[in-house]
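S.K.: For reference, the sequence and a predicted model appear below.
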Amino acid sequence: MKKGSEFEILIEKLYKKLDPESIVKRNDKIIGHNSKIERNVVSLRIKITIS
């Protein structure tokens, strides 16, 4: 198992418990806006409604 994988799995489980409808992706690739460097991160996508 890669270094940090256990931590990523823990974060994924925590987010899923906080909001079961959220989308949690491990090893999601993002590119820095200024640096243009590609990174693998844990990303969280949730729907927010304001009433």
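M.R.: The structure has been received and is ready for your questions. Residues are numbered from 1 along each chain as shown.
S.K.: Next one: the closest residue to residue 37 other than its chain neighbours from residue 11, what distance?
M.R.: Spatial nearest neighbour of residue 37, excluding adjacent residues (CB to CB, 6 or more residues apart in numbering): residue 31 at 7.1 Å. Bear in mind the C-beta positions are built from the backbone N, C-alpha and C, glycine included. Distance of residue 31 to residue 11, given as CB to CB, to the nearest Å: 21 Å.
S.K.: Let me see the contact set for the residue nearest to the spatial centre of the chain.
M.R.: Residue closest to the average C-alpha location in the chain (CA atoms, centre = their mean): residue 43, at 2.0 Å. Going by CB atoms under 8 Å, 6 or more residues apart in numbering, residue 43 touches 24, 25, 28, 30.
S.K.: Please enumerate the strands of this structure.
M.R.: 23-31, 38-45 (DSSP state E).
S.K.: Would you format those as JSON lines with distance to residue 7 and mean pLDDT included?
M.R.: Listed next are those as JSON lines, based on distance: least, CB to CB, whole Å; pLDDT from 0 to 100:
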{"stretch": "strand 23-31", "distance to residue 7": "10", "mean pLDDT": "83"}
{"stretch": "strand 38-45", "distance to residue 7": "9", "mean pLDDT": "79"}
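S.K.: can you redo those as TSV with distance to residue 5?
M.R.: Putting those into TSV (distance: least, CB to CB, whole Å) gives the following:
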stretch	distance to residue 5
strand 23-31	8
strand 38-45	10
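S.K.: before we move on, the earlier item: ok, residue 31 and residue 11, which is more surrounded?
M.R.: More crowded of residue 31 and residue 11, by other CB atoms under 10 Å: residue 11, with 14 against 9.
S.K.: What is the burial count for the residue lying closest to the more buried one once chain neighbours are set aside?
M.R.: Spatial nearest neighbour of residue 11, chain neighbours left out: residue 42 (5.2 Å); criterion: CB to CB, 6+ apart. By other CB under 10 Å, the residues close to residue 42 number 17.
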